[in-house]
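K.L.:
only the shape, not the letters, is given here:
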């Protein structure tokens, strides 16, 4: 079962209380691909890069079963660049630089070889671009999941509301869910957002875990308690990639299976934050992932007899 | 298996975004008793009240198996009074009034009839008072759990450190765990605090649930996602009461059983916040509690095969 992932492939420069990096590879589609490829092949990437994006990174992705036909390479422009500094608590950050570069021209085309994919992950992008991708597909995927952010709620709310009607699941953080719905209670926020279109909603709460909503059903997966979060960049996209990779590998889009997907995504995200950028995601093995999933089982598992 | 609970019995006046109350009954030991008595009898209360504490409340507690021989009634003084206002997010509050009244003279004595209890819950009080109670017991309880707060860390840290060496478990919120340990990471904070004495630590994270630490073991119980938190007053004490009541009723102080205790405590706390003060705790039945515990199972339960 193929997974199409649409998003940025970029450079990031990151400062955390633990250190700083110069330009390293990042971007939502990069993280999604590294995470998802642990579970499913092919991952069919749709993105745009400049002349400066490293060939070795492309080769690394290809070696993991990521198809790059849908990645446009612009010969005379630079790749998207983002630079940010995390605060002490690692839950908030300041953006220092955003250079759109090639991203300003992003008008993704779905290659013919990608048509027929059953799973689609729309990374955080302009809602019109997300909608275009959906409309370019000749067969509707079985599961369409989208990410978005506060910027689009402020600048393109009408377009965002249109895309929401076309997707099965929205995946946002708690602040974004509150902003989109105008509700403080996440239970109420979830209901409001599901009324906008998506039948499923995942609310990511960082170190507090993630919640899955569907109708009146709720599932809450805590995050693994970590000694240190070294660099949270990409953790949300890695979560999405792990989730979608797991869903695509099983081909089961039931609520029960989404719970498993969330655990898979949480496990991958817990690796991502251990080193700068996607470094750690390139090191881990299937056995590392299984160990981490077992830790999640130990973390939340309990057995209680009702009297 | 008897449970001794030491703490305040008081009046609170509460303002939340949903409404406000005049003086209603509150106090840590009151909440602990209402919660614990769902699981275990007797609950042996140690507290102090003034002439103004309602007889009907005492009768209500007695009817639930709460022994009040250890509650001193001061005929010419008023009961402890606290008044506070919650902010919009319900996670923080301002104290408007604190009238110690009888609490200034609290020098608890353990009645002879309470001696031999296997479970002891030390509510948030001056550390010296907590230590005195422990030292008055002729037989060491099998499980001693204490609560504390930032105020004692700032004003009586040395005494607090002494009490910590005598207890099995500390139960605090995340901000308190960070302040006590000087560590931001809760995993590191837990290790530092367990080095101070308690073999077990529960960190309460409000709407994000609660974590149990013991050596290298961690258990994370999410809180039930609620549409509205009407009044969070007493939720932490209700959690403690549900936990201790469950532990005492089973007589099993293993880590595995503590997980169940945390679910029981979380279930009781989720009722507490639905109405002002302990109102809701007086209404619920065993069947309500069982339904809520089943909701917790549904909320976190997942089953994943490792490949």
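P.N.:
Perfect, I can see it now. None of these values were measured; they are calculated from a predicted model. Residues are numbered from 1 along each chain as shown, chains lettered A, B, ... in the order given.
K.L.:
neighbours of residue A:217, how many?
P.N.:
14 (other Cβ atoms under 10 Å in any protein chain shown). (Each C-beta comes from the backbone N, C-alpha and C, glycine too.)
K.L.:
check residue A:204 too.
P.N.:
Neighbours of residue A:204 under the rule other Cβ under 10 Å: 25.
K.L.:
show me the longest helix that occurs in chain A.
P.N.:
The helix that spans the most residues within chain A, counting by DSSP state H, is helix A:255-272.
K.L.:
what are the buried residues along that helix?
P.N.:
Within helix A:255-272, the residues scored as buried using 16 or more other Cβ atoms under 10 Å in any protein chain shown are A:257-272.
K.L.:
return the distance of the residue lying closest to residue A:152 once chain neighbours are set aside relative to chain B.
P.N.:
Spatial nearest neighbour of residue A:152, chain neighbours left out: residue A:160 (5.1 Å); criterion: Cβ to Cβ, 6 or more residues apart in numbering or on different chains. Distance, residue A:160 to chain B, by Cβ to the nearest Cβ, to the nearest Å: 24 Å.
K.L.:
what helices and strands are in contact with the host helix or strand of residue A:160?
P.N.:
Assigned by DSSP states H and E, residue A:160 belongs to helix A:157-164. Where contact means 3 or more Cβ pairs under 8 Å, 6 or more residues apart in numbering or on different chains; DSSP states H and E, helix A:157-164 is packed against helix A:127-136, helix A:150-155.
K.L.:
pick the most buried one from those.
P.N.:
Comparing the helices and strands packed on helix A:157-164 by mean neighbour count (mean count of other Cβ atoms under 10 Å in any protein chain shown), helix A:127-136 comes out on top with a mean of 18.
K.L.:
downstream neighbour of it in the secondary structure list?
P.N.:
Heading C-terminal from helix A:127-136 (DSSP H and E), you reach strand A:143-147.
K.L.:
okay, the angle between that following strand and helix A:127-136?
P.N.:
Orientation check (axes from the mean of the first three to the mean of the last three Cα atoms, to 10 degrees): strand A:143-147 against helix A:127-136 gives 170 degrees.
K.L.:
can you pull the buried residues of strand A:143-147?
P.N.:
By neighbour count on 16+ other Cβ under 10 Å, the buried set for strand A:143-147 is A:143-147.
K.L.:
before we move on, what SS does the residue in the stretch 51-200 of chain A positioned nearest to chain B have?
P.N.:
Closest approach between the stretch 51-200 of chain A and chain B, counting by Cβ to the nearest Cβ: residue A:187, at 4.7 Å. Classification of residue A:187 by DSSP: H, G, I helix; E, B strand; the rest coil places it in helix.
K.L.:
surely it touches residue B:224?
P.N.:
No: Residue A:187 is beyond contact range of residue B:224, at 9.6 Å (criterion: Cβ atoms under 8 Å).
K.L.:
what about those two, which has more around it?
P.N.:
Taking other Cβ under 10 Å, residue A:187 and residue B:224 do not tie; residue B:224 has more neighbours (20 against 16).
K.L.:
for that one, give its distance to residue B:278.
P.N.:
Residue B:224 sits 18 Å away from residue B:278, going by Cβ to Cβ, to the nearest Å.
K.L.:
now residue A:26
P.N.:
To residue B:278, residue A:26 is 51 Å away according to Cβ to Cβ.
K.L.:
ditto for residue A:131
P.N.:
Separation of residue A:131 from residue B:278 (Cβ to Cβ): 52 Å.
K.L.:
cool, residue A:191 as well?
P.N.:
With Cβ to Cβ as the criterion, residue A:191 and residue B:278 are 29 Å apart.
K.L.:
how much space between the residue nearest the centre of chain A and residue B:117?
P.N.:
What sits nearest the mean C-alpha location of chain A, by Cα atoms, centre = their mean, is residue A:237, with 2.6 Å. As judged by Cβ to Cβ, residue A:237 and residue B:117 stand 53 Å apart.
K.L.:
that older thread, a markdown table for the helices and strands packed on helix A:157-164, including distance to residue A:96 and mean pLDDT?
P.N.:
A markdown table is the format used below for the helices and strands packed on helix A:157-164 (distance: least, Cβ to Cβ, whole Å; pLDDT from 0 to 100):
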| stretch | distance to residue A:96 | mean pLDDT |
| --- | --- | --- |
| helix A:127-136 | 25 | 98 |
| helix A:150-155 | 16 | 96 |
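K.L.:
where's residue A:68, which helix or strand?
P.N.:
Going by DSSP H and E, residue A:68 is in strand A:66-74.
K.L.:
same for the helix or strand containing residue A:249, what does it pack against?
P.N.:
According to DSSP H and E, residue A:249 maps onto helix A:235-250. Here helix A:235-250 touches strand A:3-6, helix A:28-36, strand A:119-122, strand A:143-147, strand A:169-173, strand A:200-204, helix A:255-272, going by 3+ Cβ pairs under 8 Å, 6+ apart.
K.L.:
the second one near chain B at all?
P.N.:
No: shown here: helix A:28-36 not in contact with chain B (Cβ under 8 Å from any Cβ of the partner chain), separated by at least 15.2 Å.
K.L.:
how far off helix A:255-272 does that helix point, in degrees?
P.N.:
110 degrees.
K.L.:
thinking again about what came up before, for the residue lying closest to the residue nearest to the centre of chain A once chain neighbours are set aside, grab the count of nearby residues.
P.N.:
Take residue A:237 and drop its neighbours on the chain: the residue closest to it by Cβ to Cβ, 6+ apart is residue A:31, 3.6 Å away. Neighbours of residue A:31 under the rule other Cβ under 10 Å: 32.
K.L.:
residue A:31 reaches residue A:278, doesn't it?
P.N.:
Yes: judged on Cβ under 8 Å, residue A:31 makes contact with residue A:278 at a distance of 6.0 Å.
K.L.:
intersection of neighbour lists for those two?
P.N.:
Listed contacts common to residue A:31 and residue A:278 are A:234, A:238, A:272; contacts here mean Cβ atoms under 8 Å, 6 or more residues apart in numbering or on different chains.
K.L.:
what is the nearest of those residues to residue B:302?
P.N.:
residue A:238 (19.3 Å; Cβ to Cβ).
K.L.:
ok, now which ones touch the nearest residue to that closest one once chain neighbours are set aside?
P.N.:
Leaving aside its sequence neighbours, residue A:238 sits nearest to residue A:272 (Cβ to Cβ, 6+ apart; 4.1 Å). Counting by Cβ under 8 Å, 6+ apart, residue A:272 touches A:31, A:35, A:234-235, A:238, A:278, A:280-281.
K.L.:
helix or strand: which one has the nearest residue to residue A:65 once chain neighbours are set aside?
P.N.:
In space, and not counting its chain neighbours, residue A:65 is closest to residue A:41: 3.3 Å by Cβ to Cβ, 6+ apart. Assessed by DSSP H and E, residue A:41 sits outside every helix and strand.
K.L.:
burial measure for residue A:41, as a count.
P.N.:
Counted with other Cβ under 10 Å, the neighbours of residue A:41 add up to 18.
K.L.:
ok, residues contacting stretch A:21-33?
P.N.:
Contacts for stretch A:21-33 (Cβ under 8 Å, 6+ apart): A:5-14, A:43, A:45-47, A:53-54, A:57, A:61, A:64, A:66, A:80-82, A:121, A:123-124, A:147, A:233-234, A:237-238, A:240-241, A:244, A:272, A:276-278, A:281.
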